[in-house]
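Peer 1: Attaching a predicted model along with its sequence, questions to come.
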Amino acid sequence: MRNIFVVFKREYLTRVKNKTFIIMTFLAPLLMVGFYAATIYIATETGEDNRTKTVYLTDYNPSLMLSNNPPANYVFLPAPSSEDSAIADVKSGAVFGWLKVEDLDTRAIDSATYYTSETPSLVEMEGLKEWIKGKANKHQFAKMGLRESQIDSAQASCDILTKEVSNSGDVQESSSTLKSGIGFALAFMIYIFIFVYGSMVMRSAMEEKTNRIVEVIVSSVKPFHLMMGKIFGVAAVGLTQFLAWIVLAVGLVMGISAMFLNSGDGMSTQEAVQKGIEARTGMATVGAMGGEGVQVAASGSQGARDLAAEFTEPLSNLPYVEIIAVFLLFFVGGYLLYSSIFAAIGSAVNQESDVQQFMMPVTLPLVFGFVIAQTVALKAPHGAMAKLFSMIPLTSPIVMVVRAPFGVPLSELALSFGLLVLMFVVMVWLSSRIYRIGILSYGKKPTWKDLWKWLR
């Protein structure tokens, strides 16, 4: 253990004292916030095609009245009688496209054709289909004697408020969207950092091997102790960075709350948000107004309360202790499992170009776990498929943290983490057999046959 601690201390202090590590520890949260803010801004501000599109229209069913109220940014012109002329105008760019609807039966519009020299996006095609379907539906309703105003007034809306009942019988507001977003963000962090910190272990082993430093080191430290010291040292670096980010994130949230929410002593988060919204919408004091003003202020104040509750209550009801505990446990467990494999790879290869043949089989389960996190776990976090892959050690570090915000029974967490630890112990034993031989092997490019021989 003393030798492992010496290697651990060297690996940890070397990386923590590095200027790049210190800068990125403080800069990374800001970069991540800036990245997501820029992504949202680009998606909302420049994600739509706002060009005015002049399109020829041929409609063999006058009852559809497609020429009336065209979709936004579309201008319809009567199409030429000659089909060749219409296509030639589309080709030359005289018009953006040509929409031809030949259906006479409005119950099924299945003969519509859209000619264009520029492949339209999925959003644009879905918009056109929905617009034509809406016209057909209105015609069908009109045949039943319903006016357009009656049709519009008959349209129903639906909004479901989620209430979660705890084991103690308490009823709290919940949000599936919020939980899915948090779970996916945590899974993405584990996915990225297993690669980042696992690669650190691999490169560290490669550097010492290629520089022949390891020949001196193993004269006083056993290869197994060297490997475990590297793995635990880099793990401590990752945990240090995560804890620093958590502290910075909490500080940012508290700072923003103090600046923008006007919170006071003894005021809850929801009350602080409500007060901040009311102060900035000019609806602070209902009693200071009279007559109609009182009613407007009261409704506005209620709207502010509803808005505050919508965003703050589900957030305040999240099981933060469980989420953070699951994240840290499975982050450490997943890292230790994969880093032991990366260490074995780093000890076996002689140069960077030899890594690729061994990396693919190792990273595929990790990538597959991330795919499962995006699909099965987000759609059915308590389903059989999500439970299965949260038990398999190679995928559980990612899938389990996606399920954590939705609440996972303690028995499942214990079983999943136990299997992960067991897999880590087995993998460390196998990796150490490769490491003790591979770290001193030079010249020959290793093959899978060589690794199998070293394992035996």
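Peer 2: Structure received.

Peer 1: Spit out the contact partners of Met385.
Peer 2: Taking Cβ atoms under 8 Å, 6 or more residues apart in numbering, we find Met385 in contact with Ile372, Val376. (Glycine included, C-beta is placed from N, CA and C.)

Peer 1: send the alpha carbons of the host helix or strand of it over as CSV?
Peer 2: Per DSSP states H and E, Met385 falls inside helix 384-389. Taking C-alpha atoms only, helix 384-389 is exported to CSV below (Å, rounded to 0.1, in the frame of the first residue of the first chain):
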residue,chain,number,x,y,z
ALA,A,384,-37.0,-4.1,-18.3
MET,A,385,-34.4,-2.9,-20.8
ALA,A,386,-33.2,0.0,-18.7
LYS,A,387,-33.0,-2.3,-15.6
LEU,A,388,-31.0,-4.9,-17.6
PHE,A,389,-28.4,-2.5,-18.9
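
Peer 1: In the stretch 1-150 of the chain, mark out all the helices, start to finish.
Peer 2: For the stretch 1-150 of the chain, the helices defined by DSSP state H, counting those that start in this stretch occupy 2-16, 19-45, 83-92, 122-143, 148-154.

Peer 1: Quickly run through the sheet partners of the longest strand along the chain, with directions.
Peer 2: As assigned by DSSP state E, the longest strand anywhere in the chain is strand 53-59. If you go by DSSP bridges, strand 53-59 pairs up with strand 74-78 (parallel), strand 97-101 (parallel).

Peer 1: Distance of Leu422 relative to Ser396?
Peer 2: Distance of Leu422 to Ser396, computed by Cβ to Cβ, to the nearest Å: 12 Å.

Peer 1: Same question for Trp429.
Peer 2: 20 Å.

Peer 1: The two - which one has more neighbours?
Peer 2: A count of neighbours by other Cβ atoms under 10 Å puts Ser396 above the other of Trp429 and Ser396, at 25 against 12.

Peer 1: show me what contacts that one?
Peer 2: Phe330, Gly334, Gly369, Phe389, Ser390, Ser416, Leu419, Leu420 are the contacts of Ser396 under Cβ under 8 Å, 6+ apart.

Peer 1: Kindly indicate which of those residues lies nearest Pro361.
Peer 2: Nearest to Pro361 among the contacts of Ser396: Gly369, at 14.3 Å, using Cβ to Cβ.

Peer 1: Can you list the helices and strands that whichever strand or helix holds that closest one packs against?
Peer 2: For Gly369, the host element (DSSP H and E) is helix 356-374. Secondary-structure packing of helix 356-374 (3 or more Cβ pairs under 8 Å, 6 or more residues apart in numbering; DSSP states H and E): helix 176-210, helix 320-348, helix 384-389, helix 396-403.

Peer 1: Output the longest helix belonging to the chain.
Peer 2: Secondary structure of the chain per DSSP state H: the longest helix is helix 223-260.

Peer 1: For the stretch 301-450 of the chain, give me the ranges with low pLDDT.
Peer 2: Scanning the stretch 301-450 of the chain for pLDDT under 70 picks out 301-317, 350-355, 377, 438-444, 446, 448.

Peer 1: if you set the cut-off to 50 instead, what comes out?
Peer 2: Within the stretch 301-450 of the chain, the stretches with pLDDT under 50 are 301-305, 307-308, 311.

Peer 1: rewinding a little: so which bits of the longest strand of the chain are buried?
Peer 2: For strand 53-59, a neighbour-count test (16 or more other Cβ atoms under 10 Å) marks Lys53, Val55, Tyr56, Leu57, Thr58, Asp59 as buried.

Peer 1: That strand versus helix 83-92: what angle between them?
Peer 2: 160 degrees (axes from the mean of the first three to the mean of the last three Cα atoms, to 10 degrees).

Peer 1: ok, and the closest non-adjacent residue to Arg10?
Peer 2: Gly233 (7.1 Å; Cβ to Cβ, 6 or more residues apart in numbering).

Peer 1: For the one you found, the count of nearby residues, please.
Peer 2: So Gly233, with other Cβ under 10 Å, has 24 neighbours.

Peer 1: just checking, it touches Phe8?
Peer 2: Yes: using Cβ atoms under 8 Å, Gly233 is in contact with Phe8, at 4.3 Å.

Peer 1: Overlap of the contact sets of Leu422 and Ser396?
Peer 2: With the criterion set as Cβ under 8 Å, 6+ apart, the contacts of Leu422 and Ser396 do not overlap.

Peer 1: thinking again about what came up before, now for the contacts of Ser396, which pair is the farthest apart?
Peer 2: Gly369 and Leu419 (14.0 Å).

Peer 1: who's more crowded, these two?
Peer 2: Taking neighbours as other Cβ under 10 Å, Gly369 and Leu419 compare with Gly369 leading, 26 against 16.

Peer 1: For that one, give its distance to Ser390.
Peer 2: 9 Å.

Peer 1: which residues are contacting stretch 90-99?
Peer 2: 51, 53-58, 66, 76-77, 79, 86-87, 89, 112-118, 120, 128.

Peer 1: out of the residues you listed, which are buried?
Peer 2: For those, buried by 16+ other Cβ under 10 Å: 53, 55-58, 66, 76, 79, 86, 89, 115, 120, 128.

Peer 1: Surely Ile372 and Pro397 touch.
Peer 2: No: the criterion here is Cβ under 8 Å, and Ile372 misses it with Pro397 at 11.6 Å.

Peer 1: Mind checking which of the two has more residues around it?
Peer 2: Taking neighbours as other Cβ under 10 Å, Ile372 and Pro397 compare with Pro397 leading, 29 against 22.

Peer 1: any idea how far Met423 is from that one?
Peer 2: Using Cβ to Cβ, we find Pro397 at a distance of 11 Å from Met423.

Peer 1: Spit out the residues that contact the two alike.
Peer 2: Common neighbours of Pro397 and Met423 (Cβ under 8 Å, 6+ apart) are Leu337.

Peer 1: Most neighbours among the contacts of Ser396, which one?
Peer 2: Ser390 (30 neighbours).

Peer 1: Hmm, Ser416 and that residue touching each other?
Peer 2: Yes: when contacts are counted by Cβ under 8 Å, Ser390 is listed as touching Ser416 (5.5 Å).

Peer 1: what touches both of these two?
Peer 2: Here Ser390 and Ser416 have Ser396, Met400 as joint contacts, going by Cβ under 8 Å, 6+ apart.

Peer 1: Check which helices and strands the helix or strand encompassing Val421 sits against.
Peer 2: Under DSSP H and E, the secondary-structure element containing Val421 is helix 410-438. Helices and strands touching helix 410-438, by 3+ Cβ pairs under 8 Å, 6+ apart, are helix 223-260, helix 320-348, helix 396-403, helix 448-455.

Peer 1: one step back: turn the buried ones among the contacts of stretch 90-99 into TSV, columns for distance to Phe184 and pLDDT.
Peer 2: Shown next, in TSV, are the buried ones among the contacts of stretch 90-99 (distance: Cβ to Cβ, whole Å; pLDDT from 0 to 100):
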residue	distance to Phe184	pLDDT
Lys53	36	88
Val55	39	89
Tyr56	44	90
Leu57	43	88
Thr58	46	87
Leu66	41	81
Phe76	42	89
Ala79	47	89
Ala86	47	90
Asp89	47	91
Tyr115	40	90
Pro120	30	81
Leu128	32	87
